[in-house]
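**Student:** got a sequence here, can you build the structure:
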Amino acid sequence: MKRALPAWQSSSKNETDELVMFNSLTRQKEIFKPLDGKHLKWYSCGPTVYDESHMGHARCFISFDILRRVLQDYFKYDVTYCMNVTDIDDKIITRARKNYLFEEYSKTSSSIEKIVDNVKEALSLTEQKALEEQDKDKKDMYNKIISSVKFVLDKFDKSSNKNEQLRKEILDASSEVLSTWLDKLKGKDVTDNSIFRTLPRHYEDEFHKDMAALNILPANVLTRVSEYVPEIIEFIQDIIKNGFAYESKGSVYFDTIKFSNSENHYYAKLVPEAFGDTKALAEGEGDLTDQAQEKRNPADFALWKFSKPGEPSWESPWGRGRPGWHIECSAMAGAIFGSNIDIHSGGTDLKFPHHDNEIAQSEAAFCNNNWVNFFLHSGHLHIQGCKMSKSLKNFITIKDALKNYTSRQIRILFLLYQWKDTLDYSDQAMETALNFEKTCKEFFFKIKDFSRDIKFDQANDFKKLGKTEKVLLSTFNEKKSLIHKALCDSINTPQVVKEILNLISCSNTYMNSNYNQESFNLVLLRDIAIYITSLLKIFGVIETNELMGFPASNNTEIQNQDELLMPYLNVLSKFRDDVRTEARSSKQSQILNICDKLRDDVLPNLGVLMEDLNDRTVIKLCDKETLLKEREQKMLLAERKKADDLKRKQELERARKEKEAKKAIPPHEMFLKETDKYSKFDERGIPILDAEGKELSKGARKKLEKLFETQAKNYQEYLESKKKMSES
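**Tutor:** I've put the predicted structure just below:
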């Protein structure tokens with residue numbers, strides 16, 4: 001009789017980790033389920049291009065680049081990523097006009113005296129703004145501008161040589177106040193639309209260069225407002241047709257009250273408590289918008305703005321005008337993705353009114369109540385603990401940041417923070433990022449050094465797992481599981497970094513204890529290094545296709561540097577070791593110094609690190625520029641530490657001197673100057689009445705007497721030390 005298959009029973013625990021993401025719409029983590037299988041439709045608010053990109057932009061776009069890469073390369077979603085560029089906006093219009101008018105003014109042959117008169121008139125306008133400003137930070141910004149202008153005006157008054165150099169200095173220092181003044185006088189006369197195109201296109205080009213320098217993946221689809229004006233007009237018409245917008249004197253407004261009161265709709269889904277926040281609404285409308293125009297409700301916002309003189313305009317059913325800020329994203333996202341999208345992302349400062357208005361517009365146009373599935377908002381950026389603000393001119397450009405740190409190091413910093421939390425861009429935070437990079441780099445160098453001559457294609461390359469190897473393998477599997485859980489938990493990169501460091505620490509402990517043992521298992525160590533490398537690739541920390549570790553060069557044309565250069569470097573290293581051995585035996589210190597110079601000065605400039613250990617020399621191939629920058633950073637950190645140590649010593653010395661000076665005060669005098677606290681003293685100088693003439697409590701008297709006794713003792717020590725000094 002033929003035997004049947006036995007019944008099969010799985011030993012699996014049936015515990016699977018589902019990806020959850022923090023959703024701003026619910027303010028909690030939700031199970032992430034796309035609208036259409038594995039395909040994700042993602043719309044991200046892009047830059048308003050009127051100035052250089054700064055670290056606030058980096059906070060947003062690096063964070064979402066990391067999320068995008070994890071969703072694509074780890075969770076294997078098919079992502080279509082659309083980003084807009086705002087190239088029509090009140091800030092752009094104002095900046096373009098001011099730049100144009102200031103450039104034209106600078107070209108005139110006005111005398112320096114005439115320029116100074118204009119600067120003084122312009123300065124009074126800024127001083128009035130500073131006087132009226134309620135926001136403390138903005139007031140401080142205005143006062144800084146005023147101070148710098150007054151400084152050059154004072155220099156002009158004192159200078160006997162009023163030359164072209166001084167003229168240029170006055171114009172440079174006064175550019176902000178002069179351009180604002182000129183815009184008020186002549187802004188309405190700027191009618192050439194090309195002026196409003198040149199500025200945003202220039203800064204868009206710079207933005208894309210900065211994003212590439214930060215290794216941020218380009219968008220699959222990029223939409224510019226200026227190219228989607230017909231779609232925006234059609235979108236507004238749909239909202240009007242559905243009864244949620246109205247025309248008023250050439251502008252079109254969204255009716256927030258009617259929308260909010262209608263069935264299946266809710267205005268301000270993201271920040272309901274902000275409904276009616278007139279200040280936030282006014283900022284969202286822009287500086288050029290007349291807030292007193294004919295709105296039905298104060299909370300209504302502009303979909304289409306009537307263009308005044310000095311503003312770009314397009315033909316529309318309501319006359320010549322331009323799109324409002326909020327409508328652009330709704331219309332362009334709709335044009336690309338239709339009535340629903342999986343993810344909408346942007347900075348946390350865009351929640352209200354911008355994103356809440358986008359939701360209302362889109363749901364009004366599409367007649368639905370679920371335009372966005374997940375809203376993701378990146379956290380704020382602080383600089384050295386202080387809030388960053390472009391409008392307050394308190395920001396660091398991406399280009400300046402990249403002068404001090406590599407894009408890899410900046411990205412590592414972002415991994416140390418949850419994408420939705422506030423990130424502090426500070427020296428201390430960057431030092432933590434540099435330490436993580438160094439730990440990974442040293443780990444990869446170790447594995448490469450141990451496996452330099454091994455191809456993993458021979459039987460002897462594969463060792464039986466001993467007890468310690470089994471422990472390491474178990475740790476490896478555990479860390480992989482924990483890292484997967486962290487990525488499923490709203491892509492928790494700080495936790496992933498923590499687990500990577502733990503895994504490296506365990507691997508280093510194993511190597512240090514077992515590298516000279518027969519059972520030393522390079523296959524396991526190599527697998528760990530390859531796994532960590534794969535994670536860093538997913539995060540965008542490693543840009544190349546290296547199997548293991550950081551690339552030896554940022555030059556993508558140079559491939560397999562290890563294979564090409566290591567045979568020669570090994571010969572050089574062996575020759576140097578022989579020379580050092582001979583020099584030691586014959587006590588030739590000068591030759592040893594030359595060998596050290598080769599290691600410390602010559603080879604690093606070629607991208608080669610040579611490290612002398614007790615039993616061998618380790619050679620590490622690095623990118624030359626990265627290596628030199630790391631050396632600069634190391635020197636900078638050393639100087640900073642030296643300065644901190646000096647400051648600490650000075651503070652200790654100051655405290656010591658203050659203590660010594662305090663000792664020199666006779667005890668009967670120590671309280672007499674404290675007349676703000678006490679009004680009457682006894683014969684020893686101890687207070688008995690407080691400043692209001694009330695008798696001190698017994699407890700207070702007891703405390704003061706104790707202080708008196710301590711001072712009497714200190715004063716006696718002071719007298720004795722002074723006597724000894726005079727005797728010597």
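
**Student:** what about the strands in the stretch 351-500 of the chain?
**Tutor:** Applying DSSP state E, counting those that start in this stretch to the stretch 351-500 of the chain gives strands spanning 372-378, 381-383, 386-387, 423-425.

**Student:** rank the ones you listed by pLDDT, which is bottom?
**Tutor:** Lowest mean pLDDT within the strands of the stretch 351-500 of the chain: strand 386-387, at a mean of 78.

**Student:** where exactly do the helices run in the stretch 51-200 of the chain?
**Tutor:** Counting by DSSP state H, counting those that start in this stretch, residue ranges of the helices within the stretch 51-200 of the chain are 55-69, 90-107, 112-132, 136-158, 164-173, 175-186, 193-213.

**Student:** contact partners of stretch 260-277?
**Tutor:** Contact with stretch 260-277 is made by 24-25, 244, 256, 259, 280, 298-299, 351-353, 355-356, 359-360, 363-364, 369, 375, as judged by CB atoms under 8 Å, 6 or more residues apart in numbering. Where you see a C-beta, it was placed from the backbone N, CA and C, and this is true even at glycine.

**Student:** which helices and strands sit right next to the lengthiest helix in the chain?
**Tutor:** If you go by DSSP state H, the chain has its longest helix at helix 624-663. Helices and strands touching helix 624-663, as assessed by 3 or more CB pairs under 8 Å, 6 or more residues apart in numbering; DSSP states H and E, comprise helix 427-450, helix 698-727.

**Student:** please identify the deepest-packed of those helices.
**Tutor:** For the helices and strands packed on helix 624-663, the largest average neighbour count (mean count of other CB atoms under 10 Å) is found in helix 427-450, namely a mean of 17.

**Student:** what's the mean pLDDT across that helix?
**Tutor:** For helix 427-450, the mean confidence score works out to 93.

**Student:** which strands and helices sit next to it?
**Tutor:** The helices and strands touching helix 427-450, judged by 3+ CB pairs under 8 Å, 6+ apart, are helix 407-415, helix 493-514, helix 522-538, strand 617-621, helix 624-663.

**Student:** possible to save these as a markdown table with mean pLDDT, distance to residue 112 and mean neighbour count?
**Tutor:** Below are those laid out as a markdown table (pLDDT from 0 to 100; distance: least, CB to CB, whole Å; neighbours: other CB atoms under 10 Å):
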| stretch | mean pLDDT | distance to residue 112 | mean neighbour count |
| --- | --- | --- | --- |
| helix 407-415 | 97 | 44 | 23 |
| helix 493-514 | 97 | 56 | 17 |
| helix 522-538 | 97 | 57 | 19 |
| strand 617-621 | 81 | 58 | 20 |
| helix 624-663 | 82 | 41 | 12 |
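
**Student:** switch these over to CSV; also include distance to residue 128.
**Tutor:** Formatted as CSV, the helices and strands packed on helix 427-450 follow (distance: least, CB to CB, whole Å):
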stretch, distance to residue 128
helix 407-415, 41
helix 493-514, 47
helix 522-538, 54
strand 617-621, 62
helix 624-663, 42
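
**Student:** of all those, which one is nearest residue 120?
**Tutor:** With CB to CB as the measure, helix 624-663 is the member of the helices and strands packed on helix 427-450 nearest residue 120 (41.4 Å).

**Student:** now the angle from that closest one to helix 407-415?
**Tutor:** With axes from the mean of the first three to the mean of the last three CA atoms, to 10 degrees applied, the angle from helix 624-663 to helix 407-415 works out at 60 degrees.

**Student:** cheers, nothing more for now.
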